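Asker: next come a sequence and a model predicted from it.
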Protein chains: 2
Amino acid sequence: MSKSKRLLDLMMTVNRKRKFKVQELADEFGVSKRTILRDLQELSELGVPLYSEVGPHGGYQVLNERILPPIAFTEEEAVAIFFACHALRHYSYLPFEAESSSALSKFYYYMSGDIRDRIDQMKNRVDFVTPRRQNEFPYLSILLDGALNQKVILIDYGSREGAACRKIQPVGIYASNGLWYCPAYCFLRQDYRVFRCDRIHSAVYDNSGTEPLDLREVHLENRELFQQEEQGGARLRLQAELTQAGVQQCEAELWLASKLHIRDNGSGWLEGEVPRYDLPFLAQFFIGLGKGATVKHPQELIDEMKRRLTELLSRY
Amino acid sequence: MSKSKRLLDLMMTVNRKRKFKVQELADEFGVSKRTILRDLQELSELGVPLYSEVGPHGGYQVLNERILPPIAFTEEEAVAIFFACHALRHYSYLPFEAESSSALSKFYYYMSGDIRDRIDQMKNRVDFVTPRRQNEFPYLSILLDGALNQKVILIDYGSREGAACRKIQPVGIYASNGLWYCPAYCFLRQDYRVFRCDRIHSAVYDNSGTEPLDLREVHLENRELFQQEEQGGARLRLQAELTQAGVQQCEAELWLASKLHIRDNGSGWLEGEVPRYDLPFLAQFFIGLGKGATVKHPQELIDEMKRRLTELLSRY
DNA sequence: AGAGTTTATGACAATTGTTGTCACCATTAT
DNA sequence: ATAATGGTGACAACAATTGTCATAAACTCT
């Protein structure tokens, strides 16, 4: 590897591991300590703010925190980053305390003129829309902190039937369709549940001494694996036939993903288990699909749909 | 001046003056043409996308890469940028040709260790979910280009009733709920229409000589102002009462934003004009709202809903 | 105090890289 | 045709880089 390339690499490496020893880099780059020392001095001369301390626990450090080295983004990349940040503006609540708009304006400000022009042009022509809700999500930060640092949290949770205090340990948070959700281990139910964050009316760290679980291996993507098996009898087998239009609508529903099957011609069917307490919701959902779906099973669901249809009809 | 320093300088210089001749740089850096040629080749190998043309008026050009000057992001900002880009991974089709993931990995790679740790921790704990659709959107780029550069485009548009060729001039594109839409001026209808991009089965630039309109002032945010007044009789006055639950569902619907009114207690109502041809869609939509909505007006809509409800009931 | 760790610097020789020059080619606009 | 421009190869003079070794200094921990 040529020296020039090594210097560039070194620059990145050094910026990555803010603290390091000469020997470490020497091994990493396959050159002698002496060479690395000389390289580091050269980096210093090129403006990287290095600082060193001798002795055990000493080593090199990059000062001047969080200055990113010159990054070469392609125009496309810069534009993509811009629009990704731009899309966040639809969220009035974010788990990060800082305004994402400040990052955006910095980014914009530093970009050279013609990329700026290009972004200006595109700004009003490309958008990632998220429904703007009026709901409030004041506790995102504390929930996220709980997830990151394995903390138990007490929340006041107002589901439709009334408010209740719950002791939970968050797994993470996610936004979907303009609403924030928090999958968490619920100490009351002794299983994982998803909480809608706008229904959380207060959240404080638990100090009753409940031992946090070790959820470091449980996260958003894999949490379903850790779900307890539901008690027998509480679940129903769902089966429904879908037209093409029905399939399209169901594809948008995350909770259906595992149950949806699609045929080559675009039509499909739903098959899987659902908890009994979801019946009211499911009934309304399938009514909303209209002719797109025909429920085959369970009979209870069909009955509930009929009841609701009749009720609606009688209203007009 | 050492070679390494010269290379870094050259990188900047080359990025500043996007077009240049070898002799020019040779003079500037006080070295021979041969050396500059060798340096340029090395820059190429380091990833700077250089392109050259021989002959008079030829010379070197930097294609699309830029060096951003060192930017100081706060930790929060860096994290926000990262997650914004991260969220784009849910989109399998983007109007930008480059993978946003390449930008992401660069950004990630250059970030100093502790921010990196923080991001690693958060990566599995925060997400912005977008429904993953199977639909294909191969023509986003051409539509966007049409919007940016005022071009007329011919598309094959397959609505439910069958495919048809349309001549349009795009205003922009936007993603909502996992689907891409393209508001555009339709030369057939002589008005603005929104097209669903996955129903566009082909798209080519029009070469029949149709004069493009000047839509530079028309963009995603303000396009509704430019809508033609519909011919009398084709529009209907819509009025519906909403419960709290109904309001929540309607908030997620963009096209309702201008018609939705909310009371202090969380309930609300819908009021506004809708085109008559939307009746079937509206009927299904209000049925989907169930008890959340009570349609007051127009009678035609109520009739259509009754008809559909009866039909559904008869199915079970 | 002493052992151990770490950065810092200098000297030197072997090796490796860099540079300019020159000759020549290919392409292209005028 | 001519001139401008990039592209390549060879080569020798020169310069830089590198590893090794020796030595020093600062610091920590026992």
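Answerer: Right, received. Where do you want to start?
Asker: can you count the residues close to A:Glu24?
Answerer: Residues near A:Glu24, counting by other CB atoms under 10 Å in any protein chain shown, number 16. (Glycine included, C-beta is placed from N, CA and C.)
Asker: if I look at it, how far off is A:Val14?
Answerer: 11 Å (CB to CB, to the nearest Å).
Asker: A:Leu179 now?
Answerer: 42 Å.
Asker: what do you get for A:Lys3?
Answerer: From A:Lys3 across to A:Val14, the span is 15 Å (CB to CB).
Asker: who has more neighbours, those two?
Answerer: Neighbours were counted for A:Lys3 and for A:Val14 using other CB under 10 Å; A:Val14 has more, 22 against 17.
Asker: for A:Gly288, pull up the helix or strand it's in.
Answerer: helix A:279-289 (DSSP states H and E).
Asker: for that helix, buried residues please.
Answerer: Neighbour-count burial for helix A:279-289 flags A:Leu279, A:Leu282, A:Ala283, A:Gln284, A:Phe285, A:Phe286, A:Ile287, A:Gly288, A:Leu289 (criterion: 16 or more other CB atoms under 10 Å in any protein chain shown).
Asker: near chain B, which of these show up?
Answerer: Restricting these to those touching chain B (CB under 8 Å from any CB of the partner chain) yields A:Gln284, A:Ile287, A:Gly288, A:Leu289.
Asker: my read is that the first one contacts B:Gln249, right?
Answerer: No: because the distance of 10.0 Å does not satisfy CB atoms under 8 Å, A:Gln284 is recorded as not touching B:Gln249.
Asker: pretty sure A:Pro138 contacts A:Tyr93?
Answerer: Yes: A:Pro138 lies in contact with A:Tyr93 (CB under 8 Å); the separation is 7.4 Å.
Asker: of the two, who's got more company?
Answerer: Under the neighbour definition other CB under 10 Å, A:Pro138 and A:Tyr93 were set side by side, and A:Tyr93 has more, 16 against 13.
Asker: report the secondary structure state of the residue in the stretch 151-300 of chain A that DNA strand D sits nearest to.
Answerer: Using CB to the nearest atom of the strand, A:Arg216 is the residue of the stretch 151-300 of chain A that sits closest to DNA strand D, at 28.8 Å. Under DSSP: H, G, I helix; E, B strand; the rest coil, A:Arg216 falls in the coil class.
Asker: show the contacting residues for it.
Answerer: Applying CB atoms under 8 Å, 6 or more residues apart in numbering or on different chains, we find A:Arg216 in contact with A:Gln150.
Asker: low-confidence ranges in chain A?
Answerer: Low-confidence segments of chain A, defined by pLDDT under 70, span residues A:63-74, A:97-100, A:110-114, A:159-162, A:228-233.
Asker: tell me how it divides into domains.
Answerer: For chain A, the structural domains run A:3-62, A:75-123, A:140-226, A:235-315, going by automatic domain parsing.
Asker: point out the most buried one among these.
Answerer: Comparing those by mean neighbour count (mean count of other CB atoms under 10 Å in any protein chain shown), domain A:75-123 ranks first with a mean of 18.
Asker: any idea how far apart the tips of that one sit?
Answerer: 15 Å (CA to CA, to the nearest Å).
Asker: quick check on A:Ser32: phi, psi?
Answerer: Torsion angles at A:Ser32 (phi, psi; degrees, to the nearest 10) stand at phi -80, psi 160.
Asker: repeat for A:Arg125
Answerer: phi -120, psi -10.
Asker: counting neighbours, what do you get for it?
Answerer: Neighbourhood size, A:Arg125 [other CB under 10 Å]: 22.
Asker: with A:Asn15 as the reference, measure out to the residue lying closest to it once chain neighbours are set aside.
Answerer: The shortest distance from A:Arg125 to any non-neighbouring residue, by CB to CB, 6 or more residues apart in numbering or on different chains, is to B:Gly172 (3.6 Å). B:Gly172 sits 38 Å away from A:Asn15, going by CB to CB.
Asker: next one: A:Arg216
Answerer: Taking CB to CB, one finds A:Arg216 at 27 Å from A:Asn15.
Asker: where along the stretch 151-300 of chain A do the strands fall?
Answerer: A:153-159, A:162-170, A:173-176, A:179-186, A:191-196, A:200-205, A:235-242, A:260-262, A:268-275, A:293-297 (DSSP state E, counting those that start in this stretch).
Asker: ok, which of those comes nearest chain B?
Answerer: strand A:173-176 (4.1 Å; CB to the nearest CB).
Asker: can you tell me if that closest one touches chain B.
Answerer: Yes: Strand A:173-176 reaches chain B (CB under 8 Å from any CB) through A:Ile173, A:Tyr174, A:Ala175, A:Ser176.
Asker: in this structure the second one contacts A:Phe195, no?
Answerer: No: A:Tyr174 sits out of contact with A:Phe195 when judged by CB under 8 Å, with a separation of 11.5 Å.
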